[in-house]
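*Asks:* this is the structure alone, sequence omitted:
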C-alpha cells in the first residue's frame, strides 16, 4: 500500500507536455512506494504523459533539454536517477537554460 507521495513540480515550457501553458508551474503528488527512486517516480509521471516521456527520456537516460533538481540540487550533485527517495524529498523539472556568448 502506497500512502506517501513526493511532489514533482514542472516549471516553464515543459508544462506544455503535461497540460500546462508553457509559462507557469504544474505540481503533481506522485506515489512514493518503498524502494522508489528518482527514475521510478519520473517514469511513473511520464507514463501518463506521452509528450513528456518523449521529451524527458532518450532510452533509459534523460534527454538534454530538461534539467532535474532533487531537493534543490541539480541531478548528479547529491542524487542520481537511481537514488532512493524518502518522504520529504521533492523533484523539480526545469527547462534547461542555454545561450550566452
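*Replies:* Perfect, thanks for sending it. From a predicted model like this one, the values you see are computed outputs, not experimental measurements.
*Asks:* contacts, neighbours, all on C-alpha from now
*Replies:* OK.
*Asks:* in this protein, which helix has the most residues?
*Replies:* Longest helix of the chain, by residue count under DSSP state H: helix 38-47.
*Asks:* what lies in contact with the following helix or strand past that helix?
*Replies:* Using DSSP states H and E, the helix or strand that follows helix 38-47 in sequence is helix 50-56. Helix 50-56 is contacted from outside by 14, 17-18, 43, 46-47, 62-66, using Cα atoms under 8 Å, 6 or more residues apart in numbering.
*Asks:* name every strand pairing with the lowest-mean-pLDDT helix or strand in the chain and say which way it goes.
*Replies:* Here the helix or strand of the chain ranked lowest by mean pLDDT, DSSP states H and E is strand 61-62, holding a mean of 90. Partners of strand 61-62 in the sheet, by DSSP bridges, are strand 57-58 (antiparallel).
*Asks:* in the longest helix of the chain, what's buried?
*Replies:* By 16 or more other Cα atoms under 10 Å, the buried positions in helix 38-47 come out as 38-43, 45-46.
*Asks:* do a quick rundown of the strands in this protein.
*Replies:* 5-11, 25-31, 57-58, 61-62, 66-70, 73-74, 91-95 (DSSP state E).
*Asks:* of the ones you listed, which is nearest residue 83?
*Replies:* With Cα to Cα as the measure, strand 66-70 is the member of those nearest residue 83 (9.9 Å).
*Asks:* quick one: list the elements packing against the closest one.
*Replies:* strand 91-95 (3 or more Cα pairs under 8 Å, 6 or more residues apart in numbering; DSSP states H and E).
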